[in-house]
Each structure stands twice: as C-alpha cells, then as structure tokens.
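Visitor: dropping a prediction and its sequence here:
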Amino acid sequence: MELSQRKLEILRRVVEEYVATGQPVGSKVLVERPGGLEVSSSTVRSELFELEAIGLLTHPHTSAGRVPTESGYRVYTEKLVGGIDGRPGPFPLDLTAMRNELEEALRQTTDALSETTHLLALVSAPAFEATAVRHVEVLQLQSHVVIVVVITASGAVSKRVFELEDGVDSGLVDWARAYLAETIIGKRASVAVVRRAFDDPGLSLRERRFLETLRPVFADVVATATELYIGGAAGLVGDATGAELEACQRLLEVLERRAAVLGLLHDALDPGRPVVRVGPELEGEELHGTSYVGATYGLPNRSLGAVGLLGPLRMDYEKAIRSVRAAAFELSRLAEDVYGPS
C-alpha cells in the first residue's frame, strides 16, 4: 500500500499524539498543536476518513477522534525503522569496565532498558555461554508414539513423548535419530543451532514435518541452557488500563515459558537493523495486543544474543527502537572485547 506523504505525516502525528496522551486524536488537535499541519481542518478530516477506510485508524465508541489500529502501528513502525540509521545514540550505562563481568553487564543492560522505556526488557546471553548437547535419542514406542530424549554436557535431561495422529514409519524415526546426532550433538544448545538443523532447505517435506513435531523438546533444551535476563516485569502494568492491562497481564504469563520468550527474542531478527512486531505478527494469542522491538548484538560476522522490549501497542516506538539499537551497539562493543581477537 502506497500512502501519500501527507497521509504518512498525519498517521505519524496520530500515533505519536495517542501514545503521549492515550486519548483519541481529532483533526482540531492535529491542526492547532505547535508545528501543526499547514492544511485546513476539513482536509485533515478527509485524510483521517481515508486512513480509517483503509484500516490504519479507527474511532472508539462515538468519539470523533481516531486511534491507530494494529495495521496503523505496523505502517508507522516500518517507516520509523527505515528512517533511523547511522550510529546509535548514547546508552545510559557504561559497559567498558565490565570486560570480566559479562553476566553483570547483561543484567545491568536489562535494568537500564526497562528503566529508560518503562517496558519489559529482555536480553539473552551469548550462545558461547550455552552448554553443549551430548546425546539425542529418538525412539518409537508404538506405531504412533515417539519419545525424544536430549542430554546436555552439564547433565541436564529433557524428554517428551509425542503422539502422532497417523502412524510414523520406523525408517523415518531412524533417519531423525541419525540426522539430529549429526547436526545437534557436540554443538551449543542455542536458538541458531536448532534453527539451522530444523530449517535446512535440503530437507524433504516429509522430513521437515516430522522434525517440526519433535521441535518443542529442543526448544526446552535451549531455554534451559541459555541465560535469559528480564527486567521491568513489576512495573509493566503500572500505567496500563482496559485492554492494555489485559494484554500486559497475558504477557506476564508468557514470561513463565522461557522457550517462548527465547524464540520471540531470536525469531526473524536481522543482524543489520532492529525489528518491530505488532500484535498478530507475534505468535500466540496471548501476545496479541502487544508489540515487540528487538535487535541482535555480537561480533561483526556473528550474532551472539538479542536485546528486546515488549509492551502494549500504545508504546513510544521511536524511543524503544533507539534504546534497543543503543543497547545492542554497546553489548556488541563489549562482545568484541571479550570474544574478539586479542
């Protein structure tokens, strides 16, 4: 959908005004505020009507003012991310003295992010810190029942029993055992390792579907093996009301599932730029009504971990994006000191 510059500007102002006040935004506010639009109220009303007609704005109850829809937030953030480039601004924490205190640096980064944005902050530790997988077993108990056991070098054991609607061929079970032994054993239990193994484009559709059935046990292993730092949970619901409060409460429930949170942190992240996921773009109904802003950090040729912010749809996206970029930049500088060439 191509929008005129005027429509994009009006959408931007509606989003930012609504984020700031929590009140529906009318044409009068857009025209009369300092630095307002240099067009008439009738022109603004017409543009607001068209933005509502294409699903980017809506008006609650009988109010004449508009509020952004999930699609409106999505268009706004896409333009915002595209317009923020160059070296990130300063981050409110000096990590230069923490070369030998990586754990403390990650914890303080999480706290600083949550304090700066008043959102839920998430930081995953480098995959280098994760334990390696020592053994993988895939066994067929019955024609339609398979058990998977994964043991890490630290001695942790994860197992799950999977009941398939249709019977599974024993040859496919043997293949999965050998394939996972080759691709997983001896490697760190990280999101990247699991993704490479399960999303290999060389897999047949039959192989991919069977592996996808088994994937949850490996997500459990990664969640157990990877350090995850969370900040701001206590204050997440402080200013939320109505639907926002319900969304934040559902979000707190998600935090109890480490595998889901780690998957959210690392999914679809572009090492070169932050990403924003709005509402239904996040997997799981419990995450609808929330938004995620994330970025990876690491070495020039390898991502080591991720930084993210979760909160209600009505968040200060520009501040969130800039904060995540700044935190990821500082953690990358620290990672180069710790893991880079000496």
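Guide: Great, that's in hand.
Visitor: may I have the predicted confidence score for the nearest residue to Gly186 once chain neighbours are set aside?
Guide: If you skip the residues right next to it in sequence, Gly186 has Ala132 as its closest partner in space, 6.1 Å away by CB to CB, 6 or more residues apart in numbering. The way it works is simple: take the backbone N, C-alpha and C, and place the C-beta from them, glycine included. On the pLDDT scale, Ala132 is placed at 85.
Visitor: tally up the residues packed near Ala132, please.
Guide: 16 (other CB atoms under 10 Å).
Visitor: and it, what does it touch?
Guide: Ala132 makes contact with 152-153, 186-189, according to CB atoms under 8 Å, 6 or more residues apart in numbering.
Visitor: can you pull the buried residues of stretch 89-103?
Guide: Buried positions in stretch 89-103, judged by neighbour count with 16 or more other CB atoms under 10 Å: 91, 93, 95, 98, 102.
Visitor: ok, which stretches of the stretch 201-342 of the chain are helices?
Guide: Secondary structure of the stretch 201-342 of the chain by DSSP state H, counting those that start in this stretch: the helices cover 205-225, 242-254, 258-266, 317-339.
Visitor: helices or strands next to the second one in the packing?
Guide: Put plainly, it is helix 242-254. Where contact means 3 or more CB pairs under 8 Å, 6 or more residues apart in numbering; DSSP states H and E, helix 242-254 is packed against strand 290-299, strand 302-312.
Visitor: buried residues in the longest one?
Guide: Spelled out, that is strand 302-312. For strand 302-312, using 16+ other CB under 10 Å, the buried residues are 303-312.
Visitor: what is the nearest of those residues to Phe49?
Guide: Of all the buried residues of strand 302-312, Pro312 has the smallest distance to Phe49: 26.3 Å, by CB to CB.
Visitor: can you map out the helices along the stretch 1-150 of the chain?
Guide: 5-21, 27-32, 41-53, 70-83, 102-117.
Visitor: quick one: the residue nearest to Gly186 from Phe218, how far?
Guide: Separation of Ala132 from Phe218 (CB to CB, to the nearest Å): 13 Å.
Visitor: do Arg13 as well
Guide: Arg13 is 46 Å from Phe218, by CB to CB.
Visitor: more crowded one of those two?
Guide: Neighbours per residue, other CB under 10 Å: of Arg13 and Phe218, the larger number sits with Phe218, 26 against 18.
Visitor: list the contacts of that one.
Guide: Contacts of Phe218 by CB under 8 Å, 6+ apart are 150, 184, 189, 194, 198.
Visitor: switch the cut-off to 10 Å
Guide: 133, 136, 148, 150, 158, 160, 180, 184, 189, 191, 193-195, 197-198, 211, 259 (CB atoms under 10 Å, 6 or more residues apart in numbering).
Visitor: from Leu310, how far out is the residue nearest to Gly186?
Guide: Taking CB to CB, one finds Ala132 at 30 Å from Leu310.
Visitor: residue ranges with poor pLDDT in the stretch 51-200 of the chain?
Guide: Along the stretch 51-200 of the chain, segments meeting pLDDT under 70 span 62-63, 97, 99-100, 127-130.
Visitor: for it, what spans make up the strands?
Guide: 57-58, 67-68, 120-124, 133-142, 145-152, 157-163 (DSSP state E, counting those that start in this stretch).
Visitor: okay, those in TSV with mean neighbour count and distance to Tyr317 next?
Guide: As requested, these are exported to TSV (neighbours: other CB atoms under 10 Å; distance: least, CB to CB, whole Å):
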stretch	mean neighbour count	distance to Tyr317
strand 57-58	20	16
strand 67-68	22	10
strand 120-124	26	15
strand 133-142	17	38
strand 145-152	19	38
strand 157-163	14	37
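Visitor: out of those, which is closest to Thr290?
Guide: Comparing those under CB to CB, the one sitting nearest is strand 120-124, at 8.9 Å.
Visitor: by contact count, what packs against the closest one?
Guide: Counting by 3 or more CB pairs under 10 Å, 6 or more residues apart in numbering; DSSP states H and E, the packing neighbours recorded for strand 120-124 are helix 102-117, strand 228-231, helix 242-254, helix 258-266, strand 290-299, strand 302-312, helix 317-339.
Visitor: for it, which strands pair with it and how are they oriented?
Guide: strand 228-231 (antiparallel), strand 302-312 (antiparallel) (DSSP bridges).
Visitor: pipe the ones you listed into TSV and attach mean pLDDT and distance to Gly36 per row.
Guide: Compiled in TSV, those are given as follows (pLDDT from 0 to 100; distance: least, CB to CB, whole Å):
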stretch	mean pLDDT	distance to Gly36
strand 228-231	85	37
strand 302-312	86	27
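Visitor: tabulate the ones you listed (TSV), appending distance to Leu252.
Guide: Formatted as TSV, the strands paired with strand 120-124 follow (distance: least, CB to CB, whole Å):
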stretch	distance to Leu252
strand 228-231	10
strand 302-312	10
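Visitor: what's the closest of the ones you listed to Glu2?
Guide: strand 302-312 (28.8 Å).
Visitor: can you give me the angle that closest one makes with helix 242-254?
Guide: 140 degrees (axes from the mean of the first three to the mean of the last three CA atoms, to 10 degrees).
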